[in-house]
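**Student:** have a look at this fold, sequence not included:
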């Protein structure tokens, strides 16, 4: 998985991430700044789920993205 694509275009992806994980705040998204480990941690924190579940949810979300 090439997460660099997300990290490099974070401003465009922030809306998609917010749509998927609505409990994340704009401040959370600014701190995350496209870093996958930060995203996993914030999802765990906000949703009270395990790291493996957060990782799977991110993988699923990533797989659904359309790359133009």
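**Tutor:** Done, it's in. Since the structure is predicted, the reported quantities are computational estimates derived from the model, not experimental observations.
**Student:** got the buried residues for the lowest-mean-pLDDT helix or strand in the chain?
**Tutor:** When the helices and strands of the chain are compared on mean pLDDT, DSSP states H and E, helix 4-8 comes out lowest with a mean of 91. For helix 4-8, the neighbour count (16 or more other Cβ atoms under 10 Å) marks residue 6 as buried. Heads up, the C-betas are built off the backbone N, CA and C, glycines and all.
**Student:** quick one: contacts of the helix or strand that it is followed by?
**Tutor:** Per DSSP states H and E, the first helix or strand lying C-terminal to helix 4-8 is helix 10-20. With Cβ atoms under 8 Å, 6 or more residues apart in numbering as the test, helix 10-20 has contacts from 6, 24, 26, 29, 32, 33, 34, 39, 61, 65.
**Student:** run the chain-centre distance for helix 10-20.
**Tutor:** Taking Cα atoms, centre = their mean, to the nearest Å, the mean C-alpha location of helix 10-20 is offset from the chain mean by 8 Å.
**Student:** can you give me the helices for the protein?
**Tutor:** Ranges of helices in the chain, per DSSP state H, are 4-8, 10-20, 26-32, 36-47, 51-64.
**Student:** just name the most buried of these.
**Tutor:** helix 36-47 (a mean of 17; mean count of other Cβ atoms under 10 Å).
**Student:** which helices and strands does it pack with?
**Tutor:** Counting contacts by 3 or more Cβ pairs under 8 Å, 6 or more residues apart in numbering; DSSP states H and E, helix 36-47 packs against helix 26-32, helix 51-64.
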